[in-house]
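S.K.: I would like to see how this sequence folds:
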Amino acid sequence: MSAAAEVPAELAISDARDRLADVVNKATYAGSVTYLTRRGRRVAAIVPLARTAADEAKVREAAVAAACRELWSSVQDADQATKERVRQVIDRLIETAEDAADGASVEAAEAEREAGARPVSWESLRDELDS
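M.R.: Alright, predicted model coming up:
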(Lines give C-alpha, C1' and ligand atoms only; values in the text may rest on other atoms or scores of the structure.)
Protein backbone atom coordinates (compact mmCIF):
# COMPACT_ATOMS: atom_id res chain seq x y z
CA MET A 1 0.00 0.00 0.00
CA SER A 2 1.46 3.36 -1.00
CA ALA A 3 1.39 6.55 1.02
CA ALA A 4 -1.39 7.77 -1.26
CA ALA A 5 -3.43 4.71 -0.34
CA GLU A 6 -3.02 5.13 3.44
CA VAL A 7 -6.21 4.21 5.23
CA PRO A 8 -7.15 6.14 8.38
CA ALA A 9 -8.11 4.35 11.59
CA GLU A 10 -11.68 5.58 11.04
CA LEU A 11 -13.36 5.76 7.67
CA ALA A 12 -16.87 6.72 6.64
CA ILE A 13 -18.75 3.82 5.09
CA SER A 14 -19.29 5.87 1.94
CA ASP A 15 -15.50 6.32 1.59
CA ALA A 16 -14.80 2.68 2.48
CA ARG A 17 -16.80 1.50 -0.52
CA ASP A 18 -14.26 3.10 -2.83
CA ARG A 19 -11.25 1.95 -0.78
CA LEU A 20 -12.31 -1.52 0.30
CA ALA A 21 -9.25 -3.23 -1.17
CA ASP A 22 -6.94 -0.84 0.72
CA VAL A 23 -8.87 -1.33 3.96
CA VAL A 24 -8.76 -5.12 3.68
CA ASN A 25 -5.06 -5.07 2.77
CA LYS A 26 -4.32 -2.90 5.78
CA ALA A 27 -6.06 -5.42 8.05
CA THR A 28 -4.51 -8.44 6.36
CA TYR A 29 -0.92 -7.33 5.92
CA ALA A 30 -0.42 -4.61 8.55
CA GLY A 31 -2.66 -6.15 11.19
CA SER A 32 -4.52 -2.85 11.57
CA VAL A 33 -8.11 -2.22 12.55
CA THR A 34 -10.21 0.24 10.56
CA TYR A 35 -13.43 1.45 12.14
CA LEU A 36 -16.25 2.21 9.73
CA THR A 37 -18.40 5.18 10.67
CA ARG A 38 -21.86 6.44 9.80
CA ARG A 39 -22.56 10.08 10.63
CA GLY A 40 -19.37 10.13 12.71
CA ARG A 41 -20.30 7.15 14.89
CA ARG A 42 -18.45 3.84 14.77
CA VAL A 43 -20.77 1.16 13.44
CA ALA A 44 -18.41 -1.64 12.34
CA ALA A 45 -14.77 -2.61 12.13
CA ILE A 46 -12.58 -4.41 9.66
CA VAL A 47 -10.08 -6.43 11.67
CA PRO A 48 -7.43 -9.04 10.87
CA LEU A 49 -8.87 -12.55 11.00
CA ALA A 50 -6.11 -13.64 13.36
CA ARG A 51 -7.15 -10.97 15.83
CA THR A 52 -10.78 -12.04 15.90
CA ALA A 53 -9.82 -15.68 16.52
CA ALA A 54 -7.61 -14.66 19.43
CA ASP A 55 -10.30 -12.37 20.86
CA GLU A 56 -12.93 -15.10 20.62
CA ALA A 57 -10.63 -17.53 22.42
CA LYS A 58 -10.08 -15.02 25.23
CA VAL A 59 -13.81 -14.50 25.62
CA ARG A 60 -14.45 -18.25 25.77
CA GLU A 61 -11.64 -18.75 28.28
CA ALA A 62 -12.98 -15.93 30.49
CA ALA A 63 -16.49 -17.41 30.34
CA VAL A 64 -15.19 -20.84 31.38
CA ALA A 65 -13.22 -19.30 34.25
CA ALA A 66 -16.29 -17.40 35.47
CA ALA A 67 -18.43 -20.53 35.29
CA CYS A 68 -15.79 -22.50 37.19
CA ARG A 69 -15.62 -19.86 39.93
CA GLU A 70 -19.40 -19.92 40.26
CA LEU A 71 -19.46 -23.72 40.34
CA TRP A 72 -16.74 -23.83 42.98
CA SER A 73 -18.45 -21.25 45.19
CA SER A 74 -21.71 -23.21 44.98
CA VAL A 75 -20.16 -26.32 46.57
CA GLN A 76 -18.31 -24.67 49.46
CA ASP A 77 -20.79 -26.12 51.95
CA ALA A 78 -20.70 -29.59 50.35
CA ASP A 79 -18.92 -32.64 51.72
CA GLN A 80 -15.27 -33.26 50.83
CA ALA A 81 -16.03 -36.00 48.25
CA THR A 82 -18.35 -33.66 46.33
CA LYS A 83 -15.77 -30.87 46.44
CA GLU A 84 -13.14 -33.25 45.06
CA ARG A 85 -15.40 -34.35 42.17
CA VAL A 86 -16.24 -30.73 41.36
CA ARG A 87 -12.55 -29.80 41.51
CA GLN A 88 -11.80 -32.56 38.97
CA VAL A 89 -14.53 -31.28 36.66
CA ILE A 90 -13.20 -27.72 36.97
CA ASP A 91 -9.68 -28.91 36.18
CA ARG A 92 -10.94 -30.64 33.02
CA LEU A 93 -12.92 -27.57 31.96
CA ILE A 94 -9.95 -25.27 32.42
CA GLU A 95 -7.64 -27.65 30.58
CA THR A 96 -10.10 -27.84 27.68
CA ALA A 97 -10.41 -24.04 27.55
CA GLU A 98 -6.62 -23.66 27.56
CA ASP A 99 -6.30 -26.21 24.76
CA ALA A 100 -8.89 -24.29 22.71
CA ALA A 101 -7.02 -21.03 23.31
CA ASP A 102 -3.77 -22.67 22.22
CA GLY A 103 -5.49 -23.95 19.08
CA ALA A 104 -6.80 -20.46 18.33
CA SER A 105 -3.29 -19.07 18.76
CA VAL A 106 -1.93 -21.60 16.28
CA GLU A 107 -4.71 -20.74 13.81
CA ALA A 108 -3.97 -17.03 14.24
CA ALA A 109 -0.27 -17.61 13.59
CA GLU A 110 -1.09 -19.66 10.49
CA ALA A 111 -3.41 -16.91 9.24
CA GLU A 112 -0.64 -14.35 9.72
CA ARG A 113 1.80 -16.54 7.78
CA GLU A 114 -0.73 -17.03 4.97
CA ALA A 115 -1.21 -13.26 4.87
CA GLY A 116 2.50 -12.82 4.27
CA ALA A 117 3.87 -12.18 7.75
CA ARG A 118 7.49 -13.20 8.04
CA PRO A 119 8.46 -15.53 10.86
CA VAL A 120 10.79 -14.22 13.56
CA SER A 121 13.97 -16.26 13.89
CA TRP A 122 15.00 -17.60 17.28
CA GLU A 123 18.27 -15.71 17.03
CA SER A 124 16.48 -12.43 16.40
CA LEU A 125 14.10 -13.01 19.30
CA ARG A 126 16.92 -14.00 21.63
CA ASP A 127 18.92 -10.89 20.72
CA GLU A 128 15.86 -8.70 21.33
CA LEU A 129 15.22 -10.30 24.73
CA ASP A 130 18.87 -10.00 25.73
CA SER A 131 19.05 -6.28 24.99
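
S.K.: all strands for this structure, in order.
M.R.: Secondary structure of the chain (DSSP state E): strands at 10-12, 34-38, 41-46.

S.K.: With mean pLDDT added, can I get the ones you listed in a markdown table?
M.R.: Shown next, in a markdown table, are the strands of the chain (pLDDT from 0 to 100):
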| stretch | mean pLDDT |
| --- | --- |
| strand 10-12 | 93 |
| strand 34-38 | 94 |
| strand 41-46 | 94 |
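
S.K.: Same list (those) but as a markdown table, adding mean neighbour count and distance to residue 25.
M.R.: Glycine gets a C-beta too; all of them are placed from N, C-alpha and C. Shown next, in a markdown table, are these (neighbours: other C-beta atoms under 10 Å; distance: least, C-beta to C-beta, whole Å):
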| stretch | mean neighbour count | distance to residue 25 |
| --- | --- | --- |
| strand 10-12 | 16 | 13 |
| strand 34-38 | 17 | 10 |
| strand 41-46 | 12 | 10 |
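
S.K.: what's the distance between the closest residue to residue 89 other than its chain neighbours and residue 91?
M.R.: With sequence-adjacent residues excluded and distances taken as C-beta to C-beta, 6 or more residues apart in numbering, residue 89 is closest to residue 71, at 7.5 Å. Between residue 71 and residue 91 the computed distance is 12 Å (C-beta to C-beta, to the nearest Å).
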